[in-house]
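Participant: Generate coordinates for the sequence data below:
(2 chains)
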Amino acid sequence: MSAQQKAWLSKLAVVALFVLPILFISPKTYITLTVSGVAMGMLLFLVSSGFSLIFGFMSVLNLAHGALFAWGAYIGFTAFSLINQWTGWGGSNVVFLNILIFLLALVVAGMGVAVLGIVTERLVIRPVYGSHLFQIFITVGAMIVMEELIRIVWGPDDEVMPVPISFIGSWDVFDVVVAKYPLIAIVIGLILYLGIYSLLKRTKLGMIVRAGVENPEMVQVMGHNIYRYFTGVFAAGSALAAIGGGMWATFVKSIHPAMGGEVIVFALIVAIIGGLGSMTGSVVGALMVGLSYNYVAYLIPKAALGITMLLLIVILLIRPTGLFPEGT
Amino acid sequence: MNPIQTSHLKEREARFKRPAFFLRLLLLAFFFATPLTFRSFEILDVVLKIIIFSALVASYDVVLGYTGIVSLGHTMYFGIGAYLVGIFMGKLGWISYGDLALALLIAVVISGILSVLIGFFSLRIRAIFFAMVTLAFLEFTFILSSQLRPITGGEDGISFKLPGILALDYRLGQFLGIEFTGRIMSYYLILLISLILFLLMLRFVHSPLGRVLQSIRDNEQRSIALGYRTYVYQVIGSSFASCVAAVTGGCFAIWVRYVSPDSSLSVPIMLDVLLMVIVGGMGTLYGGIFGAAFLVITRAFLPKIQVLIASLLPGVPFAIRLSERWLFYFGLLFILIVYFFPKGIVGTAQEIFARRKGEG
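Facilitator: From the prediction side, this is the model:
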């Protein structure tokens, strides 16, 4: 068997593993679960891609990523509420206006958190480049500060995330229940993935960033001020986390200050599974985590997190560098 | 006699002449005398928590400061120790000294096996993976402990009774005007265990094995070149520390007679331990005592400070809101310490003394 055949066979085996649950679940439920699993995967992708890119490019383990995610959700929440108060687009019957207000809130969240990310990178992370240990300490400190700032600004209690009226409910496709919002999340996630992917693959900026993932010193030798790119990548990663936060909040319909801490663990796992610094890896890893989580949560509810950990352990054992190592 | 042996001999002779040695004895005497001098339970509680957390932070320091790998799940072993005592005493109702010892022993074995496994599949590639994987495991055990209601009592946790002289209603009688209750007995038991653990850790980091770990921490490439399989040593170091942490967790459960996910397995405890290590100073072991004292005392007095601020500034809701968010200041402290005191209290003090010695 040639190496190519072997690679194909392993890919087939993975796909087969995700079709396997159909033996235990009725086909209709299977489709519903698959849709919500893919949606969850796409949301996880948004969080972990930023995390993964920051680690791959800057070699910074950014534990404050979860707090940036929560900030995104809260800014999105405020932006949505304000715009809705002003125009009433969120409750209007025109689907276009619903989508417009949702996207506007996401853009505001992304931009706001990108600014926050730039401030964090400049003030907090820049002095400790190169030392993983101090990065961990300082980003943990930044995480606590940001989370507490949320509590000071918005108050410590849970808030109900407003959802555009046409995003609620589900479609009935040949008796199969397909919820509306997950499909929207999948579409937005896919667009963002393709956008980032082509940005990294097709532009000069992307080329420099990809080169930086592989060899930062060489990029500097070629005359690029890598610190400027560091700030840019950190801002972009923060914006992705914020968009993920806003979309996640709409998905679960509630926000609370500690929401980032729960998601950061998933982001870590996805980033390790996919390979740190790889976009395709992030998307594949996120889909694997999202799908397996949903299938198992339906079959054995209490083992749902266990399967995610199992996935992590298996990947670390057979492919310790992740599915798509470094910059692909 | 080779130069290393002579320097060892010199060190051994000077050991009992240094002020540091007497400071340590004084500290131990203070811990020993606390129940005899202070009657209030609050003070006893604070001092005992300092003792337990000193041992826990020291064990974390073995991983972080001596082995040089970053674990973010160290309190998982602390929680395992606490939970095993809780399950044995509370759920199974096996209340005897033997079962208490057995619970601690099983906790040590489980922690040892678990940390060897985690080390095995995450330290092999990059040390930074270890931080991520251990964090994921901590979160996983936290959720597990709140979900497995039949075994762990879910979010409510388990409260339990202890055997014999440790039980709350035990009275030994009056001695020197102090009533020796089960509480005081537990205090001395835990002090003894913590002392043994501390000496064990001191022995460990100054043993030849500990020296190898420090050499790996300082320069991994060179250690590899010298022929050490660095990753095996790192696994040994981290699993030793995990076993110690499991015992401290058991002690914590013995003291509070209660375990729950929030009190023994949650991420905030891990953050506390991290802060204690940085405040005290990494790679010093003794720093843990200062770090633990600082944080435990601050925690104990925070409610009073809040009341003070609320009474000083009535009608300023923003100030009260700011004072309620004391975690915010801990976060700032994390950042500021890394900026200005990366060596912590003990590390900075050692540096100053070393510099003076060099001048004189």
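Participant: buried residues in the lengthiest helix in chain A?
Facilitator: When chain A is parsed with DSSP state H, its longest helix is helix A:27-58. Neighbour counts over helix A:27-58 (16 or more other Cβ atoms under 10 Å in any protein chain shown) mark A:30-58 as buried. Where you see a C-beta, it was placed from the backbone N, CA and C, and this is true even at glycine.
Participant: Up against chain B, what does the stretch 101-250 of chain A have?
Facilitator: Counting by Cβ under 8 Å from any Cβ of the partner chain, the positions of the stretch 101-250 of chain A adjacent to chain B are A:124, A:127-128, A:132-134, A:136-138, A:140-145, A:147-149, A:151-152.
Participant: tell me the contacts of B:Gly331?
Facilitator: Residues in contact with B:Gly331 (Cβ atoms under 8 Å, 6 or more residues apart in numbering or on different chains) are A:Gly141, A:Ala142, A:Met143, A:Ile144, A:Val145, A:Glu147, A:Glu148.
Participant: Would you mind listing which of the residues of the stretch 101-250 of chain A next to chain B are buried?
Facilitator: Using 16+ other Cβ under 10 Å, the buried members of those are A:124, A:128, A:132-134, A:136-138, A:140-145, A:147-149, A:151.
Participant: Give the burial count for B:Ser159, as a bare number.
Facilitator: Applying other Cβ atoms under 10 Å in any protein chain shown, we find 14 residues neighbouring B:Ser159.
Participant: Likewise for B:Ile278?
Facilitator: Counted with other Cβ under 10 Å, B:Ile278 comes out at 27.
Participant: Give the other helices and strands that the helix or strand hosting it contacts.
Facilitator: Per DSSP states H and E, B:Ile278 falls inside helix B:267-280. Helices and strands touching helix B:267-280, as assessed by 3 or more Cβ pairs under 8 Å, 6 or more residues apart in numbering or on different chains; DSSP states H and E, comprise helix A:132-154, helix B:41-61, helix B:74-86, helix B:127-147, helix B:287-312, helix B:326-340, helix B:344-359.
Participant: just the ones you listed: most buried one?
Facilitator: Neighbour counts (mean count of other Cβ atoms under 10 Å in any protein chain shown) averaged over each of the helices and strands packed on helix B:267-280 peak at helix B:74-86, with a mean of 29.
Participant: Next, the buried residues of the next helix or strand after that helix.
Facilitator: Going down the chain from helix B:74-86, the next helix or strand is helix B:97-122, by DSSP H and E. Under the neighbour-count criterion of 16+ other Cβ under 10 Å, helix B:97-122 has B:99-100, B:103-104, B:106-108, B:110-112, B:114-115, B:118-119, B:121-122 buried.
Participant: go on, stretch A:201-214?
Facilitator: Under 16+ other Cβ under 10 Å, the buried positions of stretch A:201-214 are A:Gly206, A:Ile208, A:Val209, A:Arg210, A:Ala211, A:Gly212, A:Val213.
Participant: helices or strands next to the longest helix of chain A in the packing?
Facilitator: Partner elements for helix A:27-58 (3+ Cβ pairs under 8 Å, 6+ apart): helix A:65-87, strand A:176-179, helix A:180-202, helix A:204-214, helix A:226-252, helix A:259-274, helix A:279-299.
Participant: Could you give the average pLDDT over it?
Facilitator: Per-region confidence: helix A:27-58 scores 86 on mean pLDDT.
Participant: quick one: that helix to helix A:204-214, angle?
Facilitator: Counting by axes from the mean of the first three to the mean of the last three Cα atoms, to 10 degrees, helix A:27-58 lies at 80 degrees to helix A:204-214.
Participant: now the angle between helix A:65-87 and helix A:27-58, please.
Facilitator: Using the same axes, to 10 degrees: helix A:27-58 against helix A:65-87 is 110 degrees.
Participant: Next one: the residue lying closest to B:Ser323 once chain neighbours are set aside relative to B:Val70, how far apart?
Facilitator: Closest residue in space to B:Ser323, ignoring its immediate chain neighbours: B:Ile309 at 4.2 Å, by Cβ to Cβ, 6 or more residues apart in numbering or on different chains. Distance, B:Ile309 to B:Val70, by Cβ to Cβ, to the nearest Å: 36 Å.
Participant: same thing with B:Ser239?
Facilitator: For B:Ser239, the distance to B:Val70 (Cβ to Cβ) stands at 16 Å.
Participant: gap between B:Leu327 and chain A?
Facilitator: For B:Leu327, the distance to chain A equals 5 Å [Cβ to the nearest Cβ, to the nearest Å].
Participant: where in the chain is pLDDT low?
Facilitator: This is for chain A. Low-confidence segments of chain A (pLDDT under 70): A:1-3, A:6-7, A:10, A:90, A:326-328.
Participant: not quite, I wanted chain B
Facilitator: Filtered on pLDDT under 70, chain B yields the residue ranges B:16, B:170, B:172-173, B:175-178, B:315-320, B:359-360.
Participant: How about the one residue sitting closest to the centre of it, nearest residue that isn't a chain neighbour?
Facilitator: For chain B, the residue nearest the mean C-alpha position is B:Leu56 (1.3 Å; Cα atoms, centre = their mean). Spatial nearest neighbour of B:Leu56, excluding adjacent residues (Cβ to Cβ, 6+ apart): B:Thr248 at 4.4 Å.
Participant: Now do the buried residues in the helix or strand harbouring that neighbour.
Facilitator: Taking DSSP H and E as the criterion, B:Thr248 maps to helix B:230-256. The neighbour-count check on helix B:230-256 (16+ other Cβ under 10 Å) flags B:230-231, B:233-256 as buried.
Participant: That helix - contacts with which helices or strands?
Facilitator: helix B:41-61, helix B:74-86, helix B:97-122, helix B:182-206, helix B:208-218, helix B:220-225, helix B:261-264.
Participant: how far is it from where the chain is centred?
Facilitator: 9 Å (Cα atoms, centre = their mean, to the nearest Å).
Participant: Next secondary structure after it?
Facilitator: strand B:258-259.
Participant: May I have the strands that pair with that following strand, each with its orientation?
Facilitator: Each strand paired with strand B:258-259, and its direction, by DSSP bridges: strand B:158-159 (antiparallel).
Participant: Quick one: residues in contact with the partner strand.
Facilitator: B:Gly86, B:Ile87, B:Gly90, B:Lys91, B:Thr152, B:Arg257, B:Tyr258, B:Val259, B:Ser260.
Participant: Could you do stretch A:193-200 as well?
Facilitator: So stretch A:193-200 is contacted by A:Met42, A:Phe45, A:Ser49, A:Leu205, A:Gly206, A:Val209, A:Arg210, A:Leu240, A:Met279, A:Thr280, A:Val283 (Cβ under 8 Å, 6+ apart).
Participant: near chain B, anything from stretch A:292-307?
Facilitator: Yes. Stretch A:292-307 reaches chain B (Cβ under 8 Å from any Cβ) through A:Lys302, A:Leu305, A:Gly306.
Participant: Just the buried residues of that stretch, please?
Facilitator: A:Ser292, A:Tyr293, A:Asn294, A:Tyr295, A:Val296, A:Ala297, A:Tyr298, A:Ala304, A:Leu305, A:Ile307.
Participant: Appreciated, that's everything.
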